[in-house]
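# Got a sequence here, can you build the structure:
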Amino acid sequence: MSIASPKLLGEVAAIARQAAAEILEVYASDDAGETRKGDDSPLTQADLRAHRKIAAELARLTPDVPMLSEEAADIPYAQRAAWRRFWLVDPLDGTKEFLSRNGQFTVNIALIEDHEPALGVVHVPVSGTSYQGLAGGGAWCQRGAAAAQPIRVSPRSGVPVRVVGSRSHRGDSLDGFLARLGEHEMVPMGSSLKFCMVAEGTADVYPRLGPTSEWDTAAAHAVAVAAGGRVRTLEGAPLRYNTHEGILNPFFVVSGPEDHDWLALLR
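Reported below is the predicted structural model:
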């Protein structure tokens, strides 16, 4: 039985806001305390402070549910494979955006049940905007202290088609997709906000033809699907979590309107 509920979603959204406050304190300072991980990706004090806050609050909220976080990822698959339910967290998604100070970074918290996102929160610290999704229950956007408003994917693609993509990763495969698609508007965006643009109907499709980790996508995946969208691998299967030893996702596409054969355009 799922533990995902509107009440739990609200509590997770509050935790994401607390983590955002930790991030903004570092963001406002002159020194982010940047270091490098083993893969040479950046790590800041904001990542670590947000991780500690989320870990403590989730442990208090659901003491029996384990957590996998980008900043605590050294849990062997032999142990993770037994998890039917767990929290999947990216305390600061978009560290490069954080360091470039463009505001396009997020706090991502997802509850995974049976390899699928059951709920997710994507919170934008700089704007105070929170995207929330509950499997089978709908998706919402809350801007600051205003009441949360329901969001839904667009029923039809824009003219031109609105494609959202990464600021940091493009590549020949995406260029091929865009050429086959024809008339389009390309909107660059950082972090998991690309999913959220599809979820709220301001973009039609997000093809991801570069590497991502499971914590990068899970929370926004929950939002996009709860808003009526689809998140599929290039073979057409739903994107799933914690199914193998690695934490890298296959390439995938997030789509709202289904008036194009997105998968065919990607092949």
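# Make sure A16 is indeed in a helix.
Yes. Assessed with DSSP: H, G, I helix; E, B strand; the rest coil, A16 lies in a helix.
# Tell me who's in contact with it.
54, 107, 109, 121-123, 130 (CB atoms under 8 Å, 6 or more residues apart in numbering). Backbone N, C-alpha and C define where each C-beta goes, glycine included.
# which two in these are spaced the farthest apart?
I54 and S130 (14.3 Å; CB to CB).
# wait, doesn't T44 sit right on L99?
Yes. With contacts counted by CB atoms under 8 Å, T44 reaches L99, the gap being 7.1 Å.
# And these two? Which one has more around it.
The neighbour count for T44 versus L99, taken as other CB atoms under 10 Å, is higher for T44 (20 against 15).
# does L181 really touch H260, like I thought?
Yes. If you go by CB under 8 Å, L181 and H260 touch, sitting 7.5 Å apart.
# Could you check which of these two has the larger neighbour count?
Neighbours were counted for L181 and for H260 using other CB under 10 Å; L181 has more, 19 against 15.
# Can you tell me the SS state at the nearest residue in space to the more buried one that is not next to it in sequence?
In space, and not counting its chain neighbours, L181 is closest to L265: 5.6 Å by CB to CB, 6 or more residues apart in numbering. Per three-state DSSP, the secondary structure class of L265 is helix.
# what residues are up against L265?
If you count contacts by CB under 8 Å, 6+ apart, L265 has them with 177, 180-181.
# Quickly note the distance from it to A227.
22 Å (CB to CB, to the nearest Å).
# Ok, T44 next?
31 Å.
# Tell me which strands the particular helix or strand that has H123 in it pairs with, and in which orientation.
Per DSSP states H and E, H123 falls inside strand 116-124. Strand partners for strand 116-124, identified by DSSP bridges, are recorded as strand 106-113 (antiparallel), strand 129-134 (antiparallel).
# and for L181 and H260, which residues touch both?
Joint contacts of L181 and H260 (CB under 8 Å, 6+ apart) are V161.
# Give me the below-cutoff pLDDT ranges for the stretch 51-200 of the chain.
For the stretch 51-200 of the chain, the stretches with pLDDT under 70 are 167-172.
# ok, which stretches of it are helices?
Shown for the stretch 51-200 of the chain, the helices assigned by DSSP state H, counting those that start in this stretch span residues 77-80, 95-100, 172-181, 193-199.
# Quick check: which of these is nearest to P150?
P150 lies closest, by CB to CB, to one member of the helices of the stretch 51-200 of the chain: helix 193-199, at 10.7 Å.
# what's the closest one in contact with?
Helix 193-199 has contacts (CB under 8 Å, 6+ apart) with 104, 106, 122, 124, 131, 133, 139, 141, 151, 153, 164-166, 187, 189, 203-206, 208, 217, 220-221, 223-224, 226-227, 229, 231, 254-256.
# Try it again at 6 Å.
122, 131, 139, 151, 164, 203, 206, 220, 223-224, 227, 229, 254, 256 (CB atoms under 6 Å, 6 or more residues apart in numbering).
# Stretch 227-236 now?
With CB under 6 Å, 6+ apart as the criterion, stretch 227-236 contacts 139, 151-153, 198-199, 221, 224, 239, 250-256, 263, 266.
# domains in this protein, as residue ranges please.
Listed by automatic domain parsing, the domain ranges of the chain are 6-151, 161-266.
# what's the first-to-last distance across the shortest one?
Distance between the two ends of domain 161-266: 15 Å, counting by CA to CA, to the nearest Å.
# and it, how far from the chain's centre?
11 Å (CA atoms, centre = their mean, to the nearest Å).
# Excluding sequence neighbours, find me the nearest residue to H260.
Among residues not flanking H260 along the chain, S157 sits closest, at 6.2 Å (CB to CB, 6+ apart).
# count of neighbours near that neighbour?
21.
# any idea how far F98 is from the spatially closest residue to N102 that is not a sequence neighbour?
Nearest in space to N102, with sequence neighbours left out and distances taken as CB to CB, 6+ apart, is G190 at 6.8 Å. G190 is 9 Å from F98, where distance means CB to CB.
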